[in-house]
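Novice: sequence plus the predicted model coming up.
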Amino acid sequence: MGVYIKGMEMPTTGLYFVSVDNAGGRDKTVVTVERMLGNRDARQIVGSFELVPVPPHGRLGDLDELYASLKKWLIQNRHSMTEATRVWIRGVLEGIAAAPTIIPAEEEPNVPDP
């Protein structure tokens, strides 16, 4: 298992320090990121971010893009397939729409019902 640091941008060049806080077994684990300034004793807090556990996974893909592409293909080819095939593809679309989101997009797109 790994972790995703929610809301954190990739650091730029420099030296950073990270502290992890889960004092008292809270529901959230938070990391605080500090950037070392020119003076070795001076640090600037970049921010505090929530750690989100990411379960073991295989290939990551964009399910919203898959959904849109498959739906477009279904519409374009609906006259050349049987009703049973159309029903099966609609079931696949429902499965894609119902799949859990582990790491959300910056802005959640509106996924229409199949």
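Specialist: Received, thanks. Residues are numbered from 1 along each chain as shown.

Novice: contacts only, for the spatially most central residue of the chain.
Specialist: With distances taken as Cα atoms, centre = their mean, I103 lies nearest the centre of the chain, 2.0 Å away. When contacts are counted by Cβ atoms under 8 Å, 6 or more residues apart in numbering, I103 touches Y4, V52, V54. For every residue, glycine as well, the C-beta is placed using N, CA and C.

Novice: surely the first one is in a strand?
Specialist: Right, Y4. Yes - under DSSP: H, G, I helix; E, B strand; the rest coil, Y4 falls within a strand.

Novice: tell me, how many neighbours does it end up with?
Specialist: 15 (other Cβ atoms under 10 Å).

Novice: thought it was touching L51?
Specialist: Yes - with contact defined as Cβ atoms under 8 Å, Y4 reaches L51; the gap is 7.4 Å.
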